[in-house]
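> Could you work out the structure for the sequence below:
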Amino acid sequence: MKILITGGAGFIGSNLARYVMTTSPTTSVRVLDDFSTGRSSNIDGLDLELVVGSVADPDIVERAMNGIDAVVHLGALGSVPRSVNNPFGSHVANLTGTLTVLEAARGAGAHVIFASSSSVYGANIKLPKSEFDWTRPMSPYAVTKLGAEAYVLAYGHSYGLPTLAFRFFNVYGPYQPADHDYAAVIPRFVDSALHGRPLVVHGDGLQSRDFTHVDTVCAALWSAVERRLALADPVNLAFGTRTTLLDLIGVIESEIGAAVTVEHVETRAGDVRASQSDGIRLREYFPEVAPVPLAEGIASTVDWYRSIDVAG
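Prediction:
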């Protein structure tokens, strides 16, 4: 089998590449990345084929798709604040890029697995979230993910292309960078805690998330690839946990063995107050995938950050 991972030099993509190589050594892995957010250091030493370029470039994507059996489309510009600052950039990378990948996959007959986002639920305050609840994006990023997800499912209906859209919920773990303006909350918190800096919380800290360790995500993605699973509706990739940022800080303090300082600042535009999946469809279609407990996941994340400090 030959698999293409778009955004394969990024946080989730590089973890998935390692997971596939460990789980299925006979599978050939090709990565497409333009390094706008991905890092070459994430894939150094891995036995894979690298194609450098944008998911929005039809020629590059067609070349990357040549001979591919399945594509896991992770390539995107993430971050709600980044999309608020640059909505056009998010549109091109996330919407145009997804359409470009779909067209190339249609030509190759490749199975498409797409990374959507829990942010599509937006203003819907119902908890926990079902895939059949109404969506109301609150940021340009969420709009691009909902639109791209709709394209993916429509290609399944219109062309018979085997497609599957996952809605990711706050994925975290090793190889997730903390050293940029749009870093996610867990890497920001862990990096600050390890270096004695205040943990900056936007709002009161009672906003909650369904944090999902990257190993859990990789297990579900690979299971879908192996089974060539195609579904007409999206699947929430989370198990129904609900952790506030203040609770998360407590877990981090327990892991590092020290208290931290918390600095509260104003809430960011586009942020969702609470996010939680009901986990029903995930358990139905992926009964073999078990969630990594938060304390265990934070421990592995802290260990990785400590290791890069030593290496640096």
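
> Quick one: distance of the host helix or strand of Leu102 to the chain centre.
For Leu102, the enclosing helix or strand under DSSP states H and E is helix 97-108. Relative to its parent chain, helix 97-108 has a centroid offset of 20 Å by CA atoms, centre = their mean, to the nearest Å.

> can you pull the buried residues of stretch 171-190?
Within stretch 171-190, the residues that count as buried by 16 or more other CB atoms under 10 Å are 171-178, 184-190. All C-beta atoms are positioned from the backbone trio N, CA, C, and that covers glycine.

> okay, now the domains of this protein?
Domain ranges of the chain: 2-172+211-240+279-285, 185-207+241-276+294-311, per automatic domain parsing.

> re the thing from before, next secondary structure after the helix holding Leu102?
strand 111-117.

> Parallel or antiparallel, which strands does that next one pair with?
strand 70-73 (parallel), strand 163-168 (parallel) (DSSP bridges).

> can you pull out the helices in this structure?
11-23, 58-65, 80-85, 87-90, 97-108, 140-159, 185-194, 214-227, 245-256, 280-285, 294-311 (DSSP state H).

> Tell me how many other residues surround Ala104.
Neighbourhood size, Ala104 [other CB atoms under 10 Å]: 24.

> Surely it and Glu62 touch.
Yes. Using CB atoms under 8 Å as the test, Ala104 is close enough to Glu62 to be in contact (4.9 Å).

> how about low-confidence regions in the stretch 151-300 of the chain?
For the stretch 151-300 of the chain, the stretches with pLDDT under 70 are 180-183.

> repeat that for 90
Low-confidence segments of the stretch 151-300 of the chain, defined by pLDDT under 90: 176-185, 202-203, 205, 207, 258, 260-263, 266-275.

> Ala269 - how many residues pack around it?
Applying other CB under 10 Å, we find 11 residues neighbouring Ala269.

> For Asn66, see how far away the residue nearest to it when sequence neighbours are not counted is.
Leaving aside its sequence neighbours, Ala269 sits nearest to Val84 (CB to CB, 6 or more residues apart in numbering; 5.4 Å). Note on Val84: its distance to Asn66, by CB to CB, to the nearest Å, is 37 Å.
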